[in-house]
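J.: A structural model of the following input is requested.
(one chain, ligands or ions: 1)
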Amino acid sequence: MLNVIIFGAPGTGKGTQSQNIIEKYQLVHLSTGDILREEIKNGSPVGLAAKKYIDDGLLVPDSVIFDLLFDRTSKNTNSKGFIFDGFPRNNVQAEILDEKLAEMQTPISLVLYLDVTEEELFKRILLRAQISGRADDTAEVIKKRIEVYTQQTQPLLDYYRQQGKLIPIAGMGTIEEVFALIEKEIDGYLGK
Ligand code: ADP
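T.: As a prediction, this is how the structure comes out:
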């Protein structure tokens, strides 16, 4: 299997590039943000519990995330691989993911780190807010999300660098330019 983590701050274009990647490489897209928004839309108890964290720009408790995510990995063991988008977001999540994938005998292949300046992040999210209607895309909540990212998620760069899996991708270009860099890395990994 080809298991890719798409990593980066909020607003770096993880969702957009994930769409390009799943189309080309036929991976199963696991976006914890999308999964949570779906739960909220359906009014499920999990969704209701998660909503207050999301609206405040905080991380949803790990146990909630694990239940939602590993239900989906176990249902897709015959796929070509997974793209993890918005997960892992802290050390515990990264360690549990490695354990789960070790059980499935299919480790993480690559961690694609989309590198974008903080100034650009704000611009992109505020632009997206005009169309997304997402309650967490307001200036105040974005600030909190970026702070949570810096404190809890960014340290994972070291975790994956130490595993030799971290691949920085210059994320400031156009969608097409960034995807071309991603394709080059994935194709290189696949030996194409
Ligand atoms: P973004 O990357 O733009 O912040 P996401 O759609 O990935 O947006 O996530 C939106 C919100 O969902 C996060 O701010 C957080 O509250 C929650 N969330 C998503 N993924 C996770 C996760 N792996 N762990 C905890 N909370 C999460």
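J.: lowest-confidence helix or strand of the protein?
T.: Lowest on mean pLDDT, DSSP states H and E among the helices and strands of the chain sits helix 118-132, with a mean of 87.
J.: quick one: that helix to chain centroid distance?
T.: Using Cα atoms, centre = their mean, to the nearest Å, the distance from the centre of helix 118-132 to the centre of the chain it belongs to is 17 Å.
J.: Give me the residues contacting that helix.
T.: 9-13, 116, 134, 137-139, 142, 146, 172 (Cβ atoms under 8 Å, 6 or more residues apart in numbering). (Glycine included, C-beta is placed from N, CA and C.)
J.: Please report how far whatever residue of the chain ends up closest to the ligand lies from Gln163.
T.: In the chain, the residue that lies nearest the ligand is Gly33 (1.8 Å; Cβ to the nearest ligand atom). Applying Cβ to Cβ, to the nearest Å, the value for Gly33 to Gln163 is 24 Å.
J.: After the least confident helix or strand of the chain, which helix or strand is next?
T.: With elements assigned by DSSP states H and E, the helix or strand that comes after helix 118-132 is helix 139-148.
J.: tell me what that next one is packed against?
T.: With contacts defined as 3 or more Cβ pairs under 8 Å, 6 or more residues apart in numbering; DSSP states H and E, helix 139-148 has these neighbours: helix 118-132.
J.: and the helix it packs on, is it in reach of the ligand?
T.: No: Helix 118-132 is not in contact with the ligand by Cβ under 6 Å from any ligand atom; minimum separation 6.9 Å.
J.: what angle do that helix and helix 139-148 make?
T.: An angle of 130 degrees separates the directions of helix 118-132 and helix 139-148 when computed by axes from the mean of the first three to the mean of the last three Cα atoms, to 10 degrees.
J.: for helix 118-132, which positions count as buried?
T.: Within helix 118-132, the residues scored as buried using 16 or more other Cβ atoms under 10 Å are 121-122, 124-125, 128-129.
J.: repeat for stretch 103-111
T.: For stretch 103-111, burial by neighbour count (16+ other Cβ under 10 Å) applies to 106, 108-111.
J.: What are the contacting residues of that stretch?
T.: The contact list for stretch 103-111, computed with Cβ under 8 Å, 6+ apart, reads 1-5, 7, 73, 77, 81, 97-98, 101, 160, 163, 165-167, 185-186, 189.
J.: buried subset of those?
T.: Taking 16+ other Cβ under 10 Å as the criterion, what is buried in the contacts of stretch 103-111 is 1-5, 7, 73, 81, 97, 101, 160, 165-167, 186.
J.: Show me those residues that map onto strands.
T.: When those are checked against strands (DSSP state E), the matches are 4-5, 7, 166-167.
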